[in-house]
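got a predicted structure here, sequence first:
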Amino acid sequence: MIGFVVYVHHTHVKVSWHDDRSAWAKAQPFVSTTVHLTFPLKIGALMHHIMEHTAHHVDMSIPLYHLKQAQNKLETLLPGRIIVQPFSWRWYFQTARDCKLYDFTRQCWTDYKGRATSQPAMASAST
């Protein structure tokens, strides 16, 4: 379960990775490299709101029972900057197909043969 949680928090065609510390800092990684995964029903509450992951990265001292409120505040303050992804098995398996390797030079996800499977980070940041 922890492997699944870590994977879906940090793997998405819109998440970019950085091999340079200054580029990483400039990208504001606490906001831009995590995914807020939403679930139907009360599944998020059953997981103690850990899927409100951006807020967790911004301040890891936020108790689990305050993550939902903190995440809502972040999304209000930073509209369009946080990746919010409704969970579906279709999305999950598509992500697993698309996000095999990350090409730091082209700033995109690739398959194992090096073919781009996502838009370059610069292009997706402007859309």
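Sure, I can see it.

contacts and neighbour counts: CA atoms only from here.
Will do.

can you give me the helices in this protein?
Applying DSSP state H to the chain gives helices spanning 2-10, 21-26, 29-32, 43-46, 53-58, 67-77, 89-98, 121-126.

just the angle between the first one and helix 89-98, please?
For helix 2-10 and helix 89-98, the angle between their directions (axes from the mean of the first three to the mean of the last three C-alpha atoms, to 10 degrees) works out to 80 degrees.

returning to that earlier point: can you lay out the helices of the chain as TSV showing mean pLDDT, mean neighbour count and distance to Tyr112?
Formatted as TSV, those follow (pLDDT from 0 to 100; neighbours: other C-alpha atoms under 10 Å; distance: least, C-alpha to C-alpha, whole Å):
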stretch	mean pLDDT	mean neighbour count	distance to Tyr112
helix 2-10	90	14	18
helix 21-26	84	11	24
helix 29-32	79	18	24
helix 43-46	79	13	33
helix 53-58	87	22	28
helix 67-77	93	16	34
helix 89-98	96	14	10
helix 121-126	56	13	19
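
do you know which of these lies nearest Arg106?
Closest to Arg106 of the helices of the chain is helix 121-126 (C-alpha to C-alpha; 8.3 Å).

of the helices of the chain, give the one that comes closest to Arg115.
Using C-alpha to C-alpha, the helices of the chain put helix 89-98 closest to Arg115, at 9.7 Å.

who are the contact partners of the nearest residue to Tyr102 once chain neighbours are set aside?
Leaving aside its sequence neighbours, Tyr102 sits nearest to Trp109 (C-alpha to C-alpha, 6 or more residues apart in numbering; 4.5 Å). Counting by C-alpha atoms under 8 Å, 6 or more residues apart in numbering, Trp109 touches Val13, Asp98, Cys99, Lys100, Leu101, Tyr102, Asp103, Ala116, Thr117, Ser118, Gln119, Pro120.

go again using 7 Å as the cut-off
Trp109 makes contact with Val13, Asp98, Cys99, Lys100, Leu101, Tyr102, Asp103, Ala116, Thr117, Ser118 under the criterion C-alpha atoms under 7 Å, 6 or more residues apart in numbering.

over to Ile82?
Contact analysis of Ile82 by C-alpha under 7 Å, 6+ apart lists Val31, Ser32, Glu75.
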